[in-house]
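>>> got a sequence here, can you model it:
(one chain, ligands or ions: 1)
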Amino acid sequence: MTNVYNFNAGPSSIPAPVLEKAKNEMFNFEQSGMAVMEMSHRSPLYEKIHFGAMDQLRKIYHIPDEFEVLFLQGGASLQFSMIPLNFLGKNQKASYVLTGSWSEKALKEASALGEVETLSSSKDNQYKYIPETDLSQLSENVAYVHLTSNNTIFGTQWPTFPKKKNVPVIVDMSSDVLSRNLPWEDLDMIYAGGQKNAGMAGVTLVVIRKSLLETANDELPPSLSYKQHAKSDSLYNTPPTAAVYITGLVANWIDECGGVEEMNRRARAKAEMIYNVIDESNDFYTGHAEFSARSTMNITFRLADEQLEKAFLSEAKEAGFVGLNGHRSVGGCRVSSYNAVPLKHVEVLRDFMIDFMKKNR
Ligand SMILES: *Cc1c(COP(=O)(O)O)cnc(C)c1O
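Numbering: from 1, shown residues only. Modelled structure (predicted):
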């Protein structure tokens, strides 16, 4: 199709076979004479897309029957307030682990709705690491613990999840959903905006334990209530039909590739390729994340000075690489190598980084 190498942080690359399938099928879905986005969300045709996507996600992610799968809207950001609205009671507090900008935002939105505390944080060292977090220390009145599994901006990731104790664990997985298998027994709810690893912007994937769902606040406006959305099979109001359709195609693609296990194998191989360049560069490139917290999804690094960094980014752009600028809040460089980014593209980037280093050191 085109010859750009898309390393955007989000919205980001979508698997080429998914785009191809959508191109061939989306505008005349199953010979109905209608495009996916023209169909009634109450029609059997759309129901097939909707429940098909849910079933496929359950299959590839090994989601146990004790969990509901929801398709919501408002992005991961609306979850920042829906979570406290649904689960943070009057005499309780919510406990947040701060590992980057998104967890700060999650905490901030919750603090507008109830009492919050910071359980642990790596802010003291520019969010370079994942803080030691022991869930057995939590006091009785903690409503839930909130983590961010992958820190899109700083490039760190929880290598494993803390063992759950008596308090529900809720995890923002916006930037590493579907990239590794999960220990469902240690989790009560995960959520992710669609636009990084699960398709396109517009749909927010929520997977929630039914026993947690039962404890949700009953007095909310229905459109903010997980119970309502679950009861309506995520068809309480018009869902983002086209985005759900794309998520279904992405889930099928993952299945055909060999599942989330294979996505994880690829993610590790791709990340290692870039981290190796960084590690063998004698500080020409310096990684932001501490070794043990390195993300397989977002690889963040800097060059020796701002001028060199500018030259790197501008030559990279020239060479067809898209999205290598670090987040505007932190600068530097970032390689977002989500599921859809082909290994081949990472190889080309690796070679470009090595060449640039040889010419400029
Ligand atoms: C991108 C991102 C968000 C924000 O997602 P929206 O869908 O834009 O609200 C939240 N958390 C993390 C970890 C992200 O990477």
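>>> need the contact list for Gly199.
Ile14, Ala243, Ile246, Thr247, Leu249, Val250 (CB atoms under 8 Å, 6 or more residues apart in numbering). For glycine as for every other residue, the C-beta is placed from the backbone atoms N, C-alpha and C.
>>> cool, and Arg294?
So Arg294 contacts Gly155, Thr156, Gln157, Ala271, Tyr275, Gly287 (CB under 8 Å, 6+ apart).
>>> now it: phi and psi?
Backbone torsions of Arg294, given as degrees, to the nearest 10, read phi -60, psi 130.
>>> and stretch 117-127, average pLDDT?
Mean pLDDT, stretch 117-127: 97.
>>> in it, what's buried?
Leu119, Ser120, Ser121, Ser122, Tyr127 (16 or more other CB atoms under 10 Å).
>>> please verify my assumption that the fourth one contacts Lys128.
Yes - look at Ser122 against Lys128 with CB atoms under 8 Å: they come within range, at 6.7 Å.
>>> which residues are in contact with both of these two?
Contacts common to Ser122 and Lys128, judged by CB under 8 Å, 6+ apart, are Thr156.
>>> show me where pLDDT drops low in this protein?
1-2 (pLDDT under 70).
>>> the stretch 1-150 of the chain: helices as residue ranges?
16-25, 44-61, 75-87, 101-111 (DSSP state H, counting those that start in this stretch).
>>> could you measure Arg42 against the ligand, distance?
Using CB to the nearest ligand atom, to the nearest Å, we find Arg42 at a distance of 26 Å from the ligand.
>>> which residues of the stretch 201-350 of the chain fall in strands?
204-209, 285-287, 298-303, 321-322, 333-336 (DSSP state E, counting those that start in this stretch).
>>> what pairs with whichever residue of the stretch 251-361 of the chain sits closest to the ligand across the strands?
Residue of the stretch 251-361 of the chain nearest the ligand, by CB to the nearest ligand atom: Asn298 (8.4 Å). For Asn298, the beta-bridge partners under DSSP bridges are Ser336.
>>> neighbours around it, how many?
By the criterion of other CB atoms under 10 Å, Asn298 has 30 neighbours.
>>> how about the contacts made by it?
Per CB under 8 Å, 6+ apart, neighbours of Asn298: Ala9, Asn150, Asn151, Thr152, Ile153, Gly155, Ser175, Arg334, Val335, Ser336, Ser337.
>>> same thing but 6 Å
Residues near Asn298 by CB atoms under 6 Å, 6 or more residues apart in numbering: Thr152, Gly155, Arg334, Ser336.
>>> out of those, who's near the ligand?
Restricting the contacts of Asn298 to those near the ligand by CB under 6 Å from any ligand atom leaves Thr152.
>>> adding neighbour count, write the contacts of Asn298 out as CSV.
Formatted as CSV, the contacts of Asn298 follow (neighbours: other CB atoms under 10 Å):
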residue, neighbour count
Thr152, 25
Gly155, 32
Arg334, 25
Ser336, 23
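>>> tell me, how many residues neighbour the closest residue to Arg209 other than its chain neighbours?
Using CB to CB, 6 or more residues apart in numbering and skipping residues adjacent in sequence, the residue nearest Arg209 is Asp188, 4.5 Å away. A count of nearby residues for Asp188, using other CB under 10 Å, gives 24.
>>> and the nearest residue to Ile153 once chain neighbours are set aside, backbone torsions?
Excluding the flanking residues, the one nearest Ile153 by CB to CB, 6+ apart is His327, at 4.3 Å. Per-residue torsions, His327: phi -60, psi 140 (degrees, to the nearest 10).
>>> hang on, His327 packs against Gly155?
No - His327 is beyond contact range of Gly155, at 9.7 Å (criterion: CB atoms under 6 Å).
>>> Gly194 against Val203, yeah?
Yes - contact criterion CB under 6 Å: Gly194 and Val203 qualify, at 4.2 Å.
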